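Participant: Fold the following.
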Amino acid sequence: MKISTHIAHFDEPLYLESGRILSEFDLAYETYGELNTDKSNVIVVCHALTGSHHAAGRYANESKAGWWDALIGDSKGIDTTKFFVICVNILGSSFGSTSPLSIEPSTNKEYRLRFPVLVISDVVKAQMKLFERLGIRQAHAIVGGSLGGMQALCFAIEFPNFAKNVIMLATTYATKPWAIAFNKIAIEGIVRDPEFKNGYYDKDDIAKNGLTGMALGRMAGHISFLSPYSMDDKFGRNYVETDGLYELLGRYEVDRYMEYNGHNFPKRFDPLSYLYITKMMNNFDCTRHYNTLEEAMSLIKAKVLLISFDGDILFPSILMKEMYDAFCNIGRKDQVKYICINSNYGHDAFLVEVDKIDMYIKKALECN
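Facilitator: Next up, the predicted model:
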């Protein structure tokens, strides 16, 4: 599989939904496979909250492959012998695209808290500028899970002629209070940590030592990504062998897992980026400019595949079922297919249990 990584610079303004303007911006992106002569084999893959443009393959000396490597590649569910796959790092993320730690042209200093609040529509609009530059006028499909699914839905509604097929997994048409409440723990943990320093922390120090408040918030996030069943299967009531059962701070294996993931997360993901993207997720509501969900869905021209997971507590399957029902209510049942996957894994099933979804995705991509 051919892998290529790029950063595209746009020396032009991006007008944001908030009324703010990014006078210039960068987008990091990665591609897999070969673009055919008429550019008709493009698949856009959208990443989730803490993901990046590195969706598949493995860099030199990299121990871990891209986050959807099990799905993207030669002869895999998204077959790179047939399709040209492109994944763009969203604005606000800390993996190469313009973010709060980028230099603000007017001040020649890092944006930090001067960075504008972004919405999903803004990051999708920026990606469309990239596709236009690359001469990609239509995608065969857009695929995304969680926050990536929100992007896919936004593409489908706001740029209805761009994609022939749209595949959304483990996502929602609007972020509900349950998910916002989980995000609140992380937000409070970050902004109330003294080392956050009102957004003017030493980024090198955070990358080396982490941020305790962010680590605690990430632990709460992990609870929402998994499920009681997957935690029981993964950890049971196993105790850390080196810890004493009657030590006050002795740990179960699940404790150690939470510590490891929580405290390592701030070392690889910038706290300000996390705040801005979490705000982006919280603000998402595809009906915000329309009277009803049915009205928003009526703008979609693509064939739509909705895949939910019955063990998902962050975005329960009923939310995607409501999207399916909205299509049915407007007489568009033939345009949409809804599948609820039996899974005990939780929200992250779309990343982990690829064997349960790849055949559905492969079949959907066979559509012309």
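
Participant: Secondary structure of residue 299: a strand, I assume?
Facilitator: No - counting by DSSP: H, G, I helix; E, B strand; the rest coil, one finds residue 299 to be coil, located in no strand.

Participant: Identify the residues contacting the residue nearest to it when sequence neighbours are not counted.
Facilitator: Once flanking residues are discounted, residue 299 sits nearest to residue 157: 5.1 Å by C-beta to C-beta, 6 or more residues apart in numbering. No exception for glycine: its C-beta is placed from N, CA and C like everyone else's. Residue 157 sits next to 286, 296, 297, 299, 300 when contact means C-beta atoms under 8 Å, 6 or more residues apart in numbering.

Participant: Excluding covalently adjacent residues, which one is nearest to the spatially most central residue of the chain?
Facilitator: Most central in the chain under C-alpha atoms, centre = their mean is residue 48, positioned 1.0 Å from the mean C-alpha point. Excluding the flanking residues, the one nearest residue 48 by C-beta to C-beta, 6+ apart is residue 146, at 4.0 Å.

Participant: for residue 24, same thing?
Facilitator: Closest residue in space to residue 24, ignoring its immediate chain neighbours: residue 11 at 5.1 Å, by C-beta to C-beta, 6+ apart.

Participant: just to revisit the earlier point, residues in contact with the residue nearest to residue 48?
Facilitator: Contacts of residue 146 (C-beta under 8 Å, 6+ apart): 48, 49, 169, 170, 171, 314, 315, 347, 350.

Participant: With respect to residue 21, which of the residues you listed is nearest?
Facilitator: Nearest to residue 21, judged by C-beta to C-beta, of these is residue 49 at 24.7 Å.

Participant: pretty sure the closest one contacts residue 276?
Facilitator: No - Residue 49 lies out of contact with residue 276 (C-beta atoms under 8 Å); the separation is 10.7 Å.

Participant: Report the next helix or strand after the helix or strand where residue 266 lies in sequence order.
Facilitator: Residue 266 belongs to helix 253-268 when assigned by DSSP states H and E. With elements assigned by DSSP H and E, the helix or strand that comes after helix 253-268 is helix 271-283.

Participant: Buried residues, that following helix. List them.
Facilitator: Residues 271, 272, 273, 274, 275, 276, 277, 278, 279, 280, 281, 283 are the ones in helix 271-283 that count as buried (16 or more other C-beta atoms under 10 Å).

Participant: quick one: that helix to helix 253-268, angle?
Facilitator: On the basis of axes from the mean of the first three to the mean of the last three C-alpha atoms, to 10 degrees, helix 271-283 is oriented at 110 degrees to helix 253-268.

Participant: Where do the helices of this protein begin and end?
Facilitator: 120-133, 147-158, 177-191, 203-209, 212-225, 228-235, 253-268, 271-283, 293-297, 317-329, 349-352, 358-365 (DSSP state H).

Participant: Can you tell me which of those helices is most buried?
Facilitator: Comparing the helices of the chain by mean neighbour count (mean count of other C-beta atoms under 10 Å), helix 147-158 ranks first with a mean of 26.

Participant: For that helix, what is the distance to the chain centroid?
Facilitator: Chain-centre distance of helix 147-158: 11 Å, with C-alpha atoms, centre = their mean, to the nearest Å.

Participant: Touching stretch 43-51 from outside, list them.
Facilitator: Residues contacting stretch 43-51 (C-beta under 8 Å, 6+ apart): 53, 55, 67-68, 72, 78, 83-90, 127, 131, 139-149, 151-152, 155, 163, 265, 269, 274, 277-278, 281, 351, 365.

Participant: switch to 6 Å and redo it
Facilitator: Outside stretch 43-51, the residues within contact range by C-beta atoms under 6 Å, 6 or more residues apart in numbering are 55, 67, 78, 83, 85-87, 139-148, 151-152, 269, 277.

Participant: Extract the C-alpha set from it and format it as PDB.
Facilitator: The C-alpha trace of stretch 43-51 is given here as PDB (Å, rounded to 0.1, in the frame of the first residue of the first chain):
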ATOM      1  CA  ILE A  43     -12.700   7.700  -0.300                       C
ATOM      2  CA  VAL A  44     -12.500  10.300   2.400                       C
ATOM      3  CA  VAL A  45     -12.000   8.900   5.900                       C
ATOM      4  CA  CYS A  46     -12.800  11.200   8.900                       C
ATOM      5  CA  HIS A  47     -11.100  10.700  12.200                       C
ATOM      6  CA  ALA A  48     -12.500  10.800  15.700                       C
ATOM      7  CA  LEU A  49     -11.800  13.300  18.500                       C
ATOM      8  CA  THR A  50      -8.300  12.300  19.400                       C
ATOM      9  CA  GLY A  51      -7.400  10.700  16.100                       C
END
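
Participant: Good, we can wrap up now.
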